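**Q** pasting the sequence and the predicted model now:
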Amino acid sequence: MQEPSAHDPASRAALAPLGLGLAALGRPAYITAGRDASLGDDRSVDAMRGRAHAMLDVAWARGIRFIDAARSYGRAEEFLGSWLAAHPERRAELEVESKWGYAYVGGWRMDADVHERKEHSLAMLELQWPETLAALGGAPDRYLVHSLTPDSPALADEALLDRLRELAASGVAVGVSTSGPQQADALDAARELPDSPFRTVQATWNLLEPSVGPALARAHAAGWFVVVKEAVANGRLTSAGDETDAAALAAADGQALDALAIGAARDQPWADVVLSGAMTPGQLDANLASRAPAPSTDAGALGALAEAPAHYWSARSARDWR
């Protein structure tokens, strides 16, 4: 699939398109609020595969053409791969993104002590790249280092960087995803590497944690492809959360809270794709109905929703897997 170019800001007349993220659909437990209501009690592999396939069908029917997975999302790559195998004619129209650097170690248990393990090493890449190829039935269009932080070996290990350059030269768009209060530092470091193999970023940006925005603008201006994740803050910015100030602003704007949150992300001039983490068709339709905040919406009140990044990420780390 051809590498999309950065948007010309002068031609940006519409909101960024939505993609479908499979973080909540590929494993039995995750930190998204409202999972019990959305998924029920049956979290067996067969049940989760069926839900994932159904959501992929709905996403396709709604015109979504960007799908995001990761090695650590349980069986997300496998579920996506089996869906692609059943619909091979669709692959050419899709942009598939996946990530390496975390392994799923939850054993398909809701109560696992540890659900994922992080390792940014050449050995991990060499292990997980063939696993991704096998699960998806071919190469993804984009392959990202999962949750890059400023201290990651992926910024300093020359053997690993050379291998990533090889992948990039083969036609895979190599990039990074970022997490944590130093997202901007990690992204800037990846962009400023000599002969950087990276040209794609997936970052957390939402009304509660917008601190990476200026770094995303810098990356986009440099020609990077920018994907926004966690626009609804793992369910905090939905009816399943308890963000009363944000809910009041959404009501004043005439939108559901999740629509306001998604719409605000889609309205950012540097955003190329905004991921929906919808678990049901209704959630996806609500996300697709999102629009930019109305001009009458109190921009100061929207900005006041932002939390200190350290506080936001500490609270996120403390969320229960359910």
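**A** Cool, got the structure.
**Q** isn't R236 right next to E209, touching?
**A** No - assessed by Cβ atoms under 8 Å, R236 is found out of contact with E209, at 9.9 Å. C-beta: built from backbone N, CA, C; applies to glycine.
**Q** now R165: closest residue in space, sequence neighbours ignored.
**A** Distances taken as Cβ to Cβ, 6 or more residues apart in numbering put P197 closest to R165, at 4.4 Å, once the chain neighbours are dropped.
**Q** compute the number of surrounding residues for that neighbour.
**A** Neighbours of P197 under the rule other Cβ atoms under 10 Å: 23.
**Q** surely it is in a strand?
**A** No - under DSSP: H, G, I helix; E, B strand; the rest coil, P197 sits outside any strand and is assigned coil.
**Q** gap between it and H220?
**A** 18 Å (Cβ to Cβ, to the nearest Å).
**Q** how about W205?
**A** Taking Cβ to Cβ, one finds W205 at 12 Å from H220.
**Q** low-confidence ranges, the stretch 151-300 of the chain, go.
**A** Of all residues in the stretch 151-300 of the chain, none has pLDDT under 70.
**Q** which residue ranges form the strands in it?
**A** Using DSSP state E, counting those that start in this stretch, the strands of the stretch 151-300 of the chain run over 173-178, 200-204, 225-229, 273-276.
**Q** any idea how far the shortest one is from the chain center?
**A** Relative to the mean C-alpha coordinate of its chain, strand 273-276 is positioned 7 Å out (Cα atoms, centre = their mean, to the nearest Å).
**Q** do the same with stretch 219-236
**A** On the basis of Cα atoms, centre = their mean, stretch 219-236 sits 7 Å off its chain's mean C-alpha point.
**Q** which parts of it are buried?
**A** For stretch 219-236, a neighbour-count test (16 or more other Cβ atoms under 10 Å) marks 219-220, 224-236 as buried.
**Q** quick one, what contacts the most centrally placed residue in the chain?
**A** The centroid of the chain falls nearest to K229 when counting by Cα atoms, centre = their mean (3.6 Å). By Cβ atoms under 8 Å, 6 or more residues apart in numbering, the contact set of K229 is G21, D68, S177, Q202, A203, T204, W205, L275, G277.
**Q** can you do 6 Å?
**A** Counting by Cβ atoms under 6 Å, 6 or more residues apart in numbering, K229 touches Q202, T204, L275.
**Q** how near is it to D113?
**A** In this view, K229 and D113 are 25 Å apart by Cβ to Cβ.
**Q** returning to what we had before: show me just the buried residues among the contacts of K229.
**A** Neighbour-count burial (16+ other Cβ under 10 Å) is assigned, among these, to Q202, T204, L275.
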